[in-house]
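Q: Show me how the following folds:
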Amino acid sequence: MYTIMLKAKLHMARVTHAVLNYEGSCAIDGELLDMAGIRENEQIQIYNVENGQRFTTYAIRAEEGSKVISVNGAAAHLASEGQRVIICSYAHYSDAELESHQPALVYLQEGNHVSHTSHAIPVQMA
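A: So this is what the prediction gives:
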């Protein structure tokens, strides 16, 4: 049996572009993709913190170091330039793989600069 688990997360990315007349997908700074372990053309989920929209697309590589997060095609109706989003990818893991699985968590600050990374989401307190 396999369990679907969080593989990677770019937390609080700022949308730099929303391009309606584009083939589709979400362009992400190549350095951020590599840091999170998200592959080009990999399915991603995007959660818009500003308006609650949630949608599925795929990642494409933007220029390394550009800090670009460009929501393209029809998804440009769901996230606008300047809005904060959380970008996640998930994977199927076997029970044996779950023993050592740790997601790659990349936390971003203004300008899509990395503030820190982690492999565990903090415990939510009451």
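Q: which residues does residue 66 contact?
A: Residues near residue 66 by Cβ atoms under 8 Å, 6 or more residues apart in numbering: residue 29. C-betas here are computed from N, CA, C, even on glycine.
Q: Any figure for the gap between it and residue 90?
A: Per Cβ to Cβ, to the nearest Å, residue 66 is found 26 Å from residue 90.
Q: repeat for residue 55
A: 14 Å.
Q: What of residue 34?
A: Using Cβ to Cβ, residue 34 is found at 18 Å from residue 90.
Q: Phi, psi for the residue nearest to residue 30 when sequence neighbours are not counted please.
A: Counting by Cβ to Cβ, 6 or more residues apart in numbering, residue 30 lies nearest to residue 64, which is 4.0 Å off, once chain neighbours are set aside. Dihedral angles phi and psi of residue 64 (degrees, to the nearest 10) take the values phi -60, psi 130.
Q: In this structure residue 64 contacts residue 31, no?
A: Yes. Between residue 64 and residue 31 a contact is recorded at 5.0 Å, counting by Cβ atoms under 8 Å.
Q: What strand or helix carries the most centrally placed residue in the chain?
A: Nearest to the geometric centre of the chain sits residue 87, at 2.2 Å (Cα atoms, centre = their mean). Using DSSP states H and E, residue 87 sits in strand 84-94.
Q: buried ones in stretch 41-52?
A: 42, 44, 46-48 (16 or more other Cβ atoms under 10 Å).
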